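Engineer: Have a look; sequence and predicted model below, questions after that.
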Amino acid sequence: MKVDIELDAPGGRVRVVIVGEAGARVWGKFVFGRLMSDPGKRAFVFDDSAAFHKDIGLAYGIEVAGGGWIEFDQTNRTAKVGGRSTQFGRERDRGLTVDLLDEALPDYRVDAV
């Protein structure tokens, strides 16, 4: 599973990056924040290889504003968004997170839990 796309969203464009293994179920952390290389641009990144939210921020050059976790069921084409980062808290707008995933993964049903 690999997605790298820029999407229009309220407040400006958002780079959406999803990196996960090809298994039937993929679970991992995501962050939402601003790109350090372009503070005017926001980024949403899911990377199932990251042990901590800060690891995603460092790897992708993001000033993290919050995050959580996502469980992808690739067989049933669903994504469940939940939780929060212990270090950064929950992203400001969970509804925006769901909307971005809906647009980036049009063949998935995305729910906040």
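Structural biologist: Received it, and whenever you're ready, just let me know what you need.

Engineer: where does this structure dip in pLDDT?
Structural biologist: Counting by pLDDT under 70, the chain contains no low-confidence segment.

Engineer: Please, where are all the strands along it?
Structural biologist: 2-7, 14-19, 25-35, 38-47, 62-73, 78-82, 109-112 (DSSP state E).

Engineer: Now tabulate those in TSV and tack on mean neighbour count.
Structural biologist: For glycine as for every other residue, the C-beta is placed from the backbone atoms N, C-alpha and C. Below are those laid out as TSV (neighbours: other CB atoms under 10 Å):
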stretch	mean neighbour count
strand 2-7	12
strand 14-19	21
strand 25-35	20
strand 38-47	18
strand 62-73	21
strand 78-82	17
strand 109-112	14
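
Engineer: Include distance to residue 88 when you put those into TSV, please.
Structural biologist: Below are the strands of the chain laid out as TSV (distance: least, CB to CB, whole Å):
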stretch	distance to residue 88
strand 2-7	22
strand 14-19	17
strand 25-35	7
strand 38-47	13
strand 62-73	5
strand 78-82	15
strand 109-112	18
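
Engineer: and residue 92, which of those is closest to it?
Structural biologist: Ranking the strands of the chain by proximity to residue 92 (CB to CB) places strand 62-73 first, at 6.3 Å.

Engineer: quick one, which of the strands of the chain is nearest to residue 102?
Structural biologist: Of those, nearest to residue 102 by CB to CB is strand 109-112, at 5.1 Å.

Engineer: Within its sheet, name the partner strands of that closest one and how each one runs.
Structural biologist: strand 78-82 (parallel) (DSSP bridges).

Engineer: Just want the angle from the partner strand to strand 25-35.
Structural biologist: Angle, strand 78-82 to strand 25-35, by axes from the mean of the first three to the mean of the last three CA atoms, to 10 degrees: 60 degrees.

Engineer: What count of nearby residues applies to the residue nearest to residue 22 when sequence neighbours are not counted?
Structural biologist: Residue nearest to residue 22 in three dimensions, not counting chain neighbours: residue 1, with 6.5 Å by CB to CB, 6 or more residues apart in numbering. For residue 1, the count of nearby residues is 14 (other CB atoms under 10 Å).
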